[in-house]
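Quick one, what's the 3D model for this:
(one chain, ligands or ions: 1)
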Amino acid sequence: MSSTLEDVKPVPVTIGAARGGPDVRTLRRDAWWRFPAATVAFLTVIVTYLVWAIFQNAYYFVGTSQHRDLISPFYSPCIVGSCLPGAHGTFLVLHWWMWSPGLFVAVIPGGFRLTCYYYRKAYYRGFWQSPPACAVADGHVSYSGETRFPLVFQNLHRYFWFLVSPFAVILTIDAVMAFRLPGDGGVGVSLGTLVLVVNAALLWMYWASCHFCRHLCGGNVDKFSEHRLRHRLWKLLTPLNHRHMQLAWVSLFWVAFTDLYVRLVASGVIHDPKIF
Ligand code: FES
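Have a look, this model is predicted:
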């Protein structure tokens, strides 16, 4: 399997039809619509759940009374005045914020995913039909790219990458804290621990596979021979970068699943089983 772009052999491509033609939308005979349709279905379900969850302002923390230390990633770091006792941050609390902590937390990770180069491709194709697939006509007659309001804000992605980095650290701390089983042996592993550990690992992989991250490590370099460390980092990140699409979907699914798991345990619907 190829590991760098240099290894990829050119592949002859035949375009199926003219995009935007007046009569023929495409000459493609394959089920090109499946990917945009699946994108719309998946993102609609996940985003609806996410919005519902962050407005709940309840059942996002499993604490000492249930012998666990599990917090939903949608509500972490919980550093606002409305946080549940026990879920509070210890060194910084914004007492004036009395709405759902989820609304406070969602801005930066939400902005990071919204402006992600891969998600942009997916939702431009799925929701805006711009274009829905390769060699398929656009759903719109004009196209101004990302040069005007509001899409010009997509260029903030690189800054969101920096801003979201502390969140990856915080979710890692949450995963480590999930090994605490107060009153149930002190330290151990429950199913909830594993759920939070996988969530933190997926977020790190999604973050590290970001196209901007790869560019930061190996971009703007004329001679790799003069930048050994950057070349090594670039080689390390490139295989991960090839899987950015998969990591984007899996990490998004898992972060919602983690919230759902914590929510079900906190509300008493299910019990978090101890593994050892
Ligand atoms: S390109 Fe997807 S996270 Fe940066």
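
by contact count, what packs against the helix or strand hosting Leu229?
Using DSSP states H and E, Leu229 sits within helix 228-242. In this structure, helix 228-242 makes packing contacts with helix 191-208, helix 211-218, judged by 3 or more C-beta pairs under 8 Å, 6 or more residues apart in numbering; DSSP states H and E. C-beta: built from backbone N, CA, C; applies to glycine.

Skip the chain neighbours and tell me the closest residue to Leu84.
Spatial nearest neighbour of Leu84, excluding adjacent residues (C-beta to C-beta, 6 or more residues apart in numbering): Phe61 at 5.1 Å.

what do you get for Phe104?
Going by C-beta to C-beta, 6+ apart, Phe104 has Val80 as its nearest residue, at 5.2 Å.

Name the residues of the one helix or strand Val40 maps to that are buried.
Per DSSP H and E, Val40 falls inside helix 34-56. Going by neighbour count (16 or more other C-beta atoms under 10 Å), the buried part of helix 34-56 is Pro36, Thr39, Leu43, Ile46, Leu50, Ala53, Ile54, Gln56.

circling back to that earlier point, for the residue nearest to Leu84, give its distance to the ligand.
Using C-beta to the nearest ligand atom, to the nearest Å, Phe61 is found at 28 Å from the ligand.

Touching, that residue and Arg68? I think so.
No. Using C-beta atoms under 8 Å, Phe61 makes no contact with Arg68, being 9.3 Å away.

Number of residues surrounding the closest residue to the ligand within the stretch 51-200 of the chain?
Of all residues in the stretch 51-200 of the chain, Cys116 sits closest to the ligand, at 3.1 Å by C-beta to the nearest ligand atom. Cys116 has 23 neighbouring residues, counting by other C-beta atoms under 10 Å.

Tell me the residues on the stretch 151-276 of the chain that lie near the ligand, please.
His157, Trp161, Cys210, His211, Phe212, His244 (C-beta under 6 Å from any ligand atom).

Who wins on neighbours among the residues you listed?
Neighbour count (other C-beta under 10 Å) singles out Cys210 as the most crowded of those, with 25 neighbours.

where do the strands sit along the stretch 1-150 of the chain?
Assigned by DSSP state E, counting those that start in this stretch, the stretch 1-150 of the chain shows strands spanning 61-62, 70-71.

most tightly surrounded among these?
Highest mean neighbour count of those: strand 70-71, a mean of 28 (counted as mean count of other C-beta atoms under 10 Å).

Show me what that one is packed up against.
Contact analysis of strand 70-71 by 3+ C-beta pairs under 8 Å, 6+ apart lists strand 61-62, helix 191-208, helix 244-266 as its packing neighbours.
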